[in-house]
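Participant: Have a look; sequence and predicted model below, questions after that.
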Amino acid sequence: MSLPLISRSPDLEELHLAGYDIEVRSGFLVVDQVPYLDSNCIVQRGTLYCALELAGDRTAQPSDHTMLFEGELPHRADGRPLTIIAASGRQNPARGVWADHHFSRKPADNGNRYRDYHHKVTTYVSLLEREAQVVDPSVTAQANTPVRVADDEPSVFVYRDTATPRAGIEPMTQKLEVGPIAIIGLGGSGSYILDLVAKTPVSEIHIFDGDRFIQHNAFRSPGAASLDDLEEIPSKVDYYSRIYSRMHTGIVPHPYAVESDNISELALMSFAFVAVDNGDARREICGALDQLGISYIDVGMGLYKADELLGGQVRVTTSTPENRDAASARLPFGTPDPNNEYKSNIQIAELNSLAATLAVIRWKKLLGFYQDTDRETSTVYVVGGNSMINEDQL
């Protein structure tokens, strides 16, 4: 039950986001992994405890200035004991709370009363930590221990998203809490799209691809596949599902291509990313999404070789019910160009990731996460001139 209390209490949340290893246990705030010096001036780790005072479902201003400490007697870097000890002796003030020493240090400001638990904890940690840092400047109580999502905390993530509150962008991120989305095709661009979308709070991410993950895929996809991964020759959706389910609980693998006999599955989606390199497949998929009234973004690229250099373009096309005709005119539905170097599986991870990044930014703009002054639905990046062409406003 400690995580909801921490998230509702600004002082505890600030400690958590700063990387302190905290939890609430039997009515006590527990701060673990606090560095201090023992009598031999060797760095050790101890635990601070203080009773929590609450106002409803969040913390109140603490009226008690003392803290309990589990560990050996803390010392200064010069070998003298710290002078904050009020009493020593093993005690068990609550279930799961054991202490060896009772500390007493009133704050110098604020009328001898701590403003909140962040003020109190950081004051006591500093008294212990600064002595340990004389011996080892690298030690810190800010351990940045990963925190799992509690069973009663609604989240699509396996562990808490601490980046969003740290940046203060919760209202914008909440706009991404949408229904199921599809990623159709897990080649280079599709896999990078998954990498980015898996870090958002969408409810489910359905990934469609009928191919196996083989060696050349490893050189144009996010992360670093191991030799064991490649020797297994897994399906692409199983390989990526295994990786991204470590972070996001809503990864749903579909180990087949989207075709006429299963295309009706797209009706459940709120949005789709289309990352296929076959014009006929693109025509069938996009046509179905049009009929279903589902907005989507299609990505692609065309490369050519000239004088031992590669040139070409990266394309991102957005289709919504408001611009179907204009989007359709931009989509390549024909037979692939035999001179397109991309078809030879040349390794171009940076262009795959660029296509994915532009597509996900465009999707987030549609949801109101980013500013969208131009409202473009067609973006083309030209490699040779390093230029971006935005056209077809919504």
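Facilitator: Arrived safely, thanks for sending. Model, not experiment: these values are computed from the prediction.
Participant: Please tell me how far residue 350 sits from residue 190.
Facilitator: 16 Å (CB to CB, to the nearest Å). C-beta: built from backbone N, CA, C; applies to glycine.
Participant: between the two, who's got more neighbours?
Facilitator: residue 190 (27 against 11; other CB atoms under 10 Å).
Participant: Please give the element, helix or strand, for the more buried one.
Facilitator: Here residue 190 sits within helix 188-197, counting by DSSP states H and E.
Participant: What helices and strands are in contact with whichever helix or strand comes after that helix?
Facilitator: Moving toward the C-terminus from helix 188-197, the next helix or strand (DSSP H and E) is strand 205-208. With contacts taken as 3 or more CB pairs under 8 Å, 6 or more residues apart in numbering; DSSP states H and E, strand 205-208 sits against strand 181-184, helix 188-197, helix 236-244, strand 251-254.
Participant: How about residues contacting strand 205-208?
Facilitator: 180-186, 190, 194, 197-198, 236-237, 240-241, 244, 248, 250-254, 256-258, 265, 269 (CB atoms under 8 Å, 6 or more residues apart in numbering).
Participant: Filter those residues down to the buried ones, ChimeraX style.
Facilitator: This is the ChimeraX syntax for the buried subset of those, where burial follows 16 or more other CB atoms under 10 Å:
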select :180,181,182,183,184,185,186,190,194,197,198,236,237,240,241,244,248,250,251,253,254,257,258,269
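Participant: so where's the stretch 251-394 of the chain shaky on pLDDT?
Facilitator: Within the stretch 251-394 of the chain, the stretches with pLDDT under 70 are 335-347.
Participant: rerun at 80
Facilitator: Applying pLDDT under 80 to the stretch 251-394 of the chain flags residues 334-347.
Participant: Would you map the helices across it?
Facilitator: Along the stretch 251-394 of the chain, counting by DSSP state H, counting those that start in this stretch, helices occupy 279-292, 324-330, 349-366.
Participant: Buried by neighbour count: which residues of the last one qualify?
Facilitator: Judged by neighbour count using 16+ other CB under 10 Å, the buried positions of helix 349-366 are 351-360, 362-366.
Participant: cool, the shortest one as well?
Facilitator: For helix 324-330, the buried set under the neighbour-count rule, 16+ other CB under 10 Å, comprises 326, 327, 330.
Participant: Show residues contacting that helix.
Facilitator: By CB under 8 Å, 6+ apart, the surrounding residues in contact with helix 324-330 are 286, 290, 298, 315, 317, 318, 319, 320, 377, 378, 392.
Participant: wait, which of the helices of the stretch 251-394 of the chain is closest to residue 88?
Facilitator: With CB to CB as the criterion, residue 88 lies closest to helix 349-366 of the helices of the stretch 251-394 of the chain, at 55.8 Å.
Participant: and that closest one, what other elements does it pack with?
Facilitator: In terms of contacts (3+ CB pairs under 8 Å, 6+ apart), helix 349-366 is packed against helix 188-197, strand 271-274, strand 296-306, strand 309-319, strand 376-382.
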